[in-house]
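Asks: Here is my input; please provide its structure:
(2 chains)
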Number of protein chains: 2
Amino acid sequence: MTQQSFGGHRAVTIRHLTAHVGEEVLVQGWLYNMRSKGKLHFLQVRDGTGIVQAVVFRGNVPDEEFEAAGRLTQESSLRVVGTVKADERSPGGVELQVSKLDVVHVAEPYPITPKEHGVGFLMQHRHLWLRSRKPAAILRIRDTVIRAIREFFHRREFACVDSPMFTPSACEGTTTLFKVDYFGDEAYLTQSGQLYGEASAMALGKIYVFGPTFRAEKSKTRRHLTEFWMVEPEAAFYDLEDVMDLGEDFVSTIVGAVLAERRDDLEILERDIAKLEPAAQKPYPRITYDQAVEILHADGHADFPYGEDFGAPHETAIGARFDRPVLVYNWPAAIKAFYMKRDPDNPAIALGVDMIASEGYGELVGGAQREDDLAALEERIAEHQLPREAFEWFLDLRRFGSVPHGGFGLGLERTLAWITGVEHLRQCIPFPRMLDKIYP
Amino acid sequence: MTQQSFGGHRAVTIRHLTAHVGEEVLVQGWLYNMRSKGKLHFLQVRDGTGIVQAVVFRGNVPDEEFEAAGRLTQESSLRVVGTVKADERSPGGVELQVSKLDVVHVAEPYPITPKEHGVGFLMQHRHLWLRSRKPAAILRIRDTVIRAIREFFHRREFACVDSPMFTPSACEGTTTLFKVDYFGDEAYLTQSGQLYGEASAMALGKIYVFGPTFRAEKSKTRRHLTEFWMVEPEAAFYDLEDVMDLGEDFVSTIVGAVLAERRDDLEILERDIAKLEPAAQKPYPRITYDQAVEILHADGHADFPYGEDFGAPHETAIGARFDRPVLVYNWPAAIKAFYMKRDPDNPAIALGVDMIASEGYGELVGGAQREDDLAALEERIAEHQLPREAFEWFLDLRRFGSVPHGGFGLGLERTLAWITGVEHLRQCIPFPRMLDKIYP
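Replies: Numbering: from 1, shown residues only, chains lettered A, B, ... in the order given. Just a heads-up that it's a prediction; the model follows:
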């Protein structure tokens, strides 16, 4: 038998109840909260799509069901059959007049009570904490963002190409690599799918990699996870301008999708939506690294040394000048990755771009036009003292039909933190992994 | 400047040329093959979306461009501006009459010549081999399947919830785990997101996990990869019948999407499409384990011992009885995982289901209704001698509002091998990882 109906009534999710006003439906879920008053129990029932008030009136249900409702504990599971009634005062616009109540399981005393709990405690109970309103709202927004990302690339004919998790070499540096015992040999967990993305773009034209990446960061700041998801488009016949066009189109589309589909969840999170709305609109401002340094010198960082990379306070100061993310391009080559193409008119400049979020959320996107000249790339690999053998296959891409190409990487959790307005990246992934955290 | 136009002409991908007959457009790509005849060069140009014949006539382009065309080597990159002409004899229905040709890069002698190469050689050049017609067709079908999977779940309101790659414990057994040095502690790479999926289903109702999973398989057979992608839906208030309904709906939808969108790529792969078509139709046959054993006893496996698990030859024999995948349910509990619910009427039976593909491709889906009773699950964990502490959080799901629930796992590469009709799983992932293979 199926669980999708009960007592002749088909299951409806709470999110869709408004389309069933006047009908008798089945709702299945868990008790979020309850209050009782004489012959009435007011059950707050959650099912993952929303919360509805189910009103149990002693006269409307058998006595034993009324008594059972009164004994329900927080997070007990239940099925209720009831009539959907429009109710202006309810958060979802409806409530349920219960005609039948079936207790599925009475929960033991639930550890996450409605009172305040410390984050350490909540993280140890992450498998349960996900049921709470704010974490569940973030998960739903995460789902929307993931879908918006994939839909964006599909519409623009970028194919999804998965890059490997096990890699024989590091893309950038080796100090933050996780090492795996690979049948007696050493392998590393991927930090970026970019190099594989470049090979795939030469095969399919336009592609994106979207999967987990790993960094063995020894810091415990709110900006660090050891495991996070990254999306990395790469396209043949793209230059820096094309990469910037794609990046602003991409981020504004994602923000637009969340505003359109998840406004209720942003409200649960108490996000200041007015501050997010401009980011759904193109164009985004574009400034050079030089102009960014001028902003720093004017805005409280008078002693910032030209030529250095920006730290968190610098990104915050630059981002604060604009109402939406800003693209900072044309970077000093010395502080950028070996694979970035140099400006043909000024080899000290790398054709890279960072997109910096407003409101202090830092770098959302890092991208570049790639070096497509074999000799230049060989020189960079030597300069950066990278193991040449490990990059032989990558160099092949410049031996056989090299083309101008570029792409970027966007960290999913960082982007989610900005969109949802939460402070810690660890709130933006279902089961965060950090220096001191691998359970549950 | 952008690379999306050239000489005043906007870039068009080869797949869309049929919509531009009579127009002069820009095509950017690589030389797949060429033949010349007097004043004509016939260039086969590929751009990842298709291949088009570009006809270069000496009178139509400057002499130096005609000469340059003659010197193009395999996989050289180029831009051509030309008029799209309908041509019945061309594979894509059109050809290009070239008016301008710009050589971007002349390739060094390309290692993958049109002659036959061994798989070992091709796999060492996987970063280039992806450009060939069949590998590129598989990548495009993979993209379509991934999108069909996500679209399927989105339409049915399953939220995507990513499970962690680093896990403190094993879901099933420990012999095939990859071990990671996690800041001096030991962690393992995930073999399944199911347990995390169950926790998430209790939070959001219906969810799916879709990401890489790992198995340190010491075998080199055509069925093994050390790293592969798995999709694992899990839903609260689902029983075995709901899981089977979902599975047949799911697989038939994916096959339907590939048949609708990628027929040309199936033809490149010489797939016998008539054999695939029935799998796009529901319902799929459903038989019990007992009935499957009867088939084995009748079809060449007379000595198969009742109660054992099926091996590859058994799956092939069972699959051969049907024109589409078959669901085999109600298994001997002794050979199934600890977390499967037992049949309330017969505790020797586990409420599990395997979906076995036709044509010898083996198990596509493994699923079950989960054990939702705390005491029963504790007993199973003890019976299977699993480390109880590691499962404490998982047991919490049965302490706090336990509900009937279920789900399944589907291996992406196995499914792709079946749909595309290729022999080896390693052809179904862009950069395969195997016992002896981690490069490029």
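Asks: Tell me the residues of the stretch 251-400 of chain A that contact chain B?
Replies: A:372, A:393-394, A:396-397, A:399-400 (Cβ under 8 Å from any Cβ of the partner chain). To be clear about C-beta, it is placed using only N, CA and C from the backbone, and glycine gets the same treatment.
Asks: please redo it, this time with the cut-off set to 6 Å
Replies: A:393, A:399-400 (Cβ under 6 Å from any Cβ of the partner chain).
Asks: could you point out the longest strand in chain A?
Replies: Secondary structure assigned by DSSP state E gives strand A:24-37 as the longest strand of chain A.
Asks: So it, near chain B or not?
Replies: Yes. Legend: contact between strand A:24-37 and chain B by Cβ under 6 Å from any Cβ is shown at A:28, A:30.
Asks: now do stretch A:209-223
Replies: Yes. Using Cβ under 6 Å from any Cβ, stretch A:209-223 comes into contact with chain B via A:Pro212.
Asks: And for that stretch, what's in contact with it?
Replies: Residues from elsewhere that reach stretch A:209-223, judged by Cβ atoms under 6 Å, 6 or more residues apart in numbering or on different chains: A:162-163, A:176, A:178, A:189-191, A:193, A:197, A:224, A:227, A:229-232, A:423-424, A:435, B:165.
Asks: what ranges do the helices span in the stretch 101-250 of chain A?
Replies: Secondary structure of the stretch 101-250 of chain A (DSSP state H, counting those that start in this stretch): helices at A:119-124, A:126-129, A:133-155, A:194-204, A:240-261.
Asks: Can you give me the domain boundaries for chain A?
Replies: Here chain A is described, according to automatic domain parsing, as comprising the domains A:5-105, A:126-428.
Asks: okay, those, which one's buried deepest?
Replies: Of those, the one with the most neighbours on average (mean count of other Cβ atoms under 10 Å in any protein chain shown) is domain A:126-428, at a mean of 20.
Asks: Just checking the distance from that one to the centre of its chain.
Replies: Relative to its chain's centre, domain A:126-428 lies at 12 Å (Cα atoms, centre = their mean, to the nearest Å).
Asks: What's the end-to-end length of it?
Replies: 12 Å (Cα to Cα, to the nearest Å).
Asks: what does the stretch 1-150 of chain A put close to chain B?
Replies: So the stretch 1-150 of chain A meets chain B at A:2-3, A:28, A:30, A:47-48, A:75-77, A:104-105, A:107-108, A:110, A:127, A:130-131, A:136, A:143, A:146-147 (Cβ under 6 Å from any Cβ).
Asks: any idea how far the residue in the stretch 101-250 of chain A that chain B sits nearest to lies from A:His405?
Replies: In the stretch 101-250 of chain A, the residue found nearest to chain B is A:Gly205; the distance is 3.3 Å by Cβ to the nearest Cβ. Per Cβ to Cβ, to the nearest Å, A:Gly205 is found 10 Å from A:His405.
Asks: Ok, A:Val81 next?
Replies: In terms of Cβ to Cβ, A:Val81 sits 59 Å off from A:His405.
Asks: Could you do A:Trp418 as well?
Replies: For A:Trp418, the distance to A:His405 equals 28 Å [Cβ to Cβ].
Asks: can you list the helices of the stretch 101-250 of chain A in CSV and add mean pLDDT?
Replies: As requested, the helices of the stretch 101-250 of chain A are exported to CSV (pLDDT from 0 to 100):
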stretch, mean pLDDT
helix A:119-124, 95
helix A:126-129, 98
helix A:133-155, 98
helix A:194-204, 98
helix A:240-261, 98
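Asks: So A:Ala19, which state does it fall into?
Replies: Three-state assignment for A:Ala19 (DSSP: H, G, I helix; E, B strand; the rest coil): helix.
Asks: Just the C-alphas of stretch A:386-394, formatted as PDB.
Replies: Provided in PDB are the C-alpha atoms of stretch A:386-394 (Å, rounded to 0.1, in the frame of the first residue of the first chain):
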ATOM      1  CA  LEU A 386      55.200  23.900 -10.200                       C
ATOM      2  CA  PRO A 387      55.900  20.300 -11.100                       C
ATOM      3  CA  ARG A 388      56.000  20.400 -14.900                       C
ATOM      4  CA  GLU A 389      55.200  16.700 -15.400                       C
ATOM      5  CA  ALA A 390      51.900  17.100 -13.600                       C
ATOM      6  CA  PHE A 391      50.900  19.800 -16.100                       C
ATOM      7  CA  GLU A 392      51.900  18.100 -19.300                       C
ATOM      8  CA  TRP A 393      48.300  17.200 -20.200                       C
ATOM      9  CA  PHE A 394      47.200  20.700 -19.400                       C
END
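Asks: Just say helix, strand or coil for A:Arg398.
Replies: helix.
Asks: pLDDT score for it?
Replies: Looking at A:Arg398, its pLDDT reads 98.
Asks: excluding its backbone neighbours, what's nearest it?
Replies: Of all residues not flanking A:Arg398 in the chain, A:Leu374 sits nearest, at 4.0 Å (Cβ to Cβ, 6 or more residues apart in numbering or on different chains).
Asks: how close does A:Leu397 get to A:Asp343?
Replies: From A:Leu397 to A:Asp343 the distance is 21 Å (Cβ to Cβ).
Asks: And A:Glu413, by the same measure?
Replies: A:Glu413 sits 32 Å away from A:Asp343, taking Cβ to Cβ as the criterion.
Asks: before we move on, what about A:Tyr329?
Replies: From A:Tyr329 to A:Asp343 the distance is 10 Å (Cβ to Cβ).
Asks: again with A:Lys39
Replies: 78 Å.
Asks: Equivalent analysis for A:Ser36, please.
Replies: Noted for A:Ser36: a distance of 71 Å to A:Asp343, by Cβ to Cβ.
Asks: cool, A:Ile268 as well?
Replies: Distance from A:Ile268 to A:Asp343, counting by Cβ to Cβ: 46 Å.
Asks: Also A:Val243?
Replies: On the measure of Cβ to Cβ, A:Val243 and A:Asp343 end up 14 Å apart.
Asks: For A:Asn33, give the beta-bridge partners.
Replies: Counting by DSSP bridges, A:Asn33 is bridged to A:Gln44.
Asks: And the pLDDT at it?
Replies: At A:Asn33, pLDDT is 96.
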